[in-house]
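Enquirer: sequence first, predicted coordinates after that:
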Amino acid sequence: QVQLVESGGGLVQAGGSLRLSCAASGRTFSSYAMGWFRQAPGKEREFVATINWSGNRRVYANSVKGRFTISRDNAKNTAYLQMNSLQPEDTAVYYCAAGDYDESALPMYDYWGQGTQVTVSS
């Protein structure tokens, strides 16, 4: 069982940066792949990025590639999403998730956080 808590969301101007954190409880954090997803109003939840258990494999959605960086610190039971060059279309609730595989599909993840709001103004 893993419990996830996101933090770091907020309001930022276009071109700005935010760093999201996902703190996990439980001693098995290092065995899980971690993913970040987002959901904008009126839209389905979509994949943003994922990282495998060791941190040596990362996959990004095309829409964020080159702007966002996913990372993890297994000693701190925390995953991160560094978001640079933010645009209004990045506005959404951002969720972290834990699963057995570093995949982009939502059903591959077993545990989800409650989400953190990111709003980018133009």
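Expert: Okay, I see it. Because the structure is predicted, anything quoted here is derived from the model rather than measured.
Enquirer: can you confirm Thr69 is in a strand?
Expert: Yes - Thr69 sits within a strand when classified using DSSP: H, G, I helix; E, B strand; the rest coil.
Enquirer: okay, and the beta partners of the residue nearest to the spatial centre of the chain?
Expert: Nearest to the mean C-alpha position of the chain, by C-alpha atoms, centre = their mean, lies Trp36 at 2.5 Å. Note on Trp36: beta-bridge partners by DSSP bridges are Ala49, Cys96.
Enquirer: and it, what does it touch?
Expert: Counting by C-beta atoms under 8 Å, 6 or more residues apart in numbering, Trp36 makes contact with 20, 22, 48-50, 70, 79, 81, 94-97. For the C-beta atoms, the positions are set from N, CA and C on the backbone; glycine is no exception.
Enquirer: filter those to the buried ones?
Expert: Burial by neighbour count, 16 or more other C-beta atoms under 10 Å: within the contacts of Trp36 this picks out 20, 22, 48-50, 70, 79, 81, 94-97.
Enquirer: what residue ranges in this structure are flagged as low confidence?
Expert: Within the chain, no stretch has pLDDT under 70.
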